[in-house]
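Novice: predicted structure and sequence below. I'll ask about it afterward.
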Amino acid sequence: EPEVTQTPSHQVTQMGQEVILRCVPISNHLYFYWYRQILGQKVEFLVSFYNNEISEKSEIFDDQFSVERPDGSNFTLKIRSTKLEDSAMYFCAGRQGAVNTEAFFGQGTRLTVV
Amino acid sequence: GNSVTQMEGPVTLSEEAFLTINCTYTATGYPSLFWYVQYPGEGLQLLLKATKADDKGSNKGFEATYRKETTSFHLEKGSVQVSDSAVYFCALGSNFGNEKLTFGTGTRLTIIP
């Protein structure tokens, strides 16, 4: 069964460093998302991506964050200068269609900023 | 805006016990409602969904009914198994455009033999 793959599973980085979280979505998906979950809190929407551009982003997704899908397969989330409060589990997801189709999630990347 | 309030965990039950995890929501319009499950070391998986009022989603013995009058989507299972131990997330989707999901906090369920 096709699955969404995220790497790495755990990343530790120093405050102020750049990190790139990687995701390989299912090949026939068209809509892509990043979510995050700070420990003990809700899973929060960060950004959605369609047709090679951001379609929606949350207040969390400020100028420190960026996404791209440079080669038509990998979908990456970059945090330019990490802060302690960026420590969270980050989930990538993809969907085949626009409405009422299931979102498939990766297993998550746990980011720890020290 | 949209929001989901989910029963706080953790929840510990004995095998074969009855399970209820409460979920209520606030939304504009007519969202779809979902339960996702995360088993240890794995990603979020869709467990069941309901797309309109009074729909019942069901899968693997779990059920949830979309109740518009009480804005609820409680998850139930008649007889839980050790293999049901996981984190359960209630979520709603906007049904418009890119249909991002709004999640609850998740409920960690542990079933003891």
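Specialist: Nice, I can see it. Every value quoted in this text rests on a predicted model; they were computed, and no experiment measured them. Residues are numbered from 1 along each chain as shown, chains lettered A, B, ... in the order given.
Novice: which parts of stretch B:3-11 are buried?
Specialist: Within stretch B:3-11, the residues scored as buried using 16 or more other C-beta atoms under 10 Å in any protein chain shown are B:4-7, B:11. Placement of C-beta: from N, CA and C, glycine included.
Novice: can you narrow these to ones near chain A?
Specialist: B:V4 (C-beta under 8 Å from any C-beta of the partner chain).
Novice: which one of the buried residues of stretch B:3-11 is nearest B:Y25?
Specialist: Comparing the buried residues of stretch B:3-11 against B:Y25 with C-beta to C-beta places B:V4 closest, at 5.0 Å.
Novice: confirm that the closest one sits in a strand.
Specialist: Yes: counting by DSSP: H, G, I helix; E, B strand; the rest coil, B:V4 is found in a strand.
Novice: what's the neighbour count on A:K42?
Specialist: For A:K42, the number of neighbouring residues by other C-beta atoms under 10 Å in any protein chain shown comes to 20.
Novice: show me where pLDDT drops low in chain B?
Specialist: B:95-98 (pLDDT under 70).
Novice: residues from it in reach of chain A?
Specialist: Residues of chain B lying close to chain A (C-beta under 8 Å from any C-beta) are B:4, B:32, B:36, B:41-46, B:49, B:51, B:89, B:91, B:93, B:95-106.
Novice: one more pass at 10 Å, please.
Specialist: By the rule C-beta under 10 Å from any C-beta of the partner chain, the part of chain B lying against chain A is B:2-6, B:32, B:34, B:36, B:38-39, B:41-46, B:49, B:51, B:87, B:89, B:91, B:93-106.
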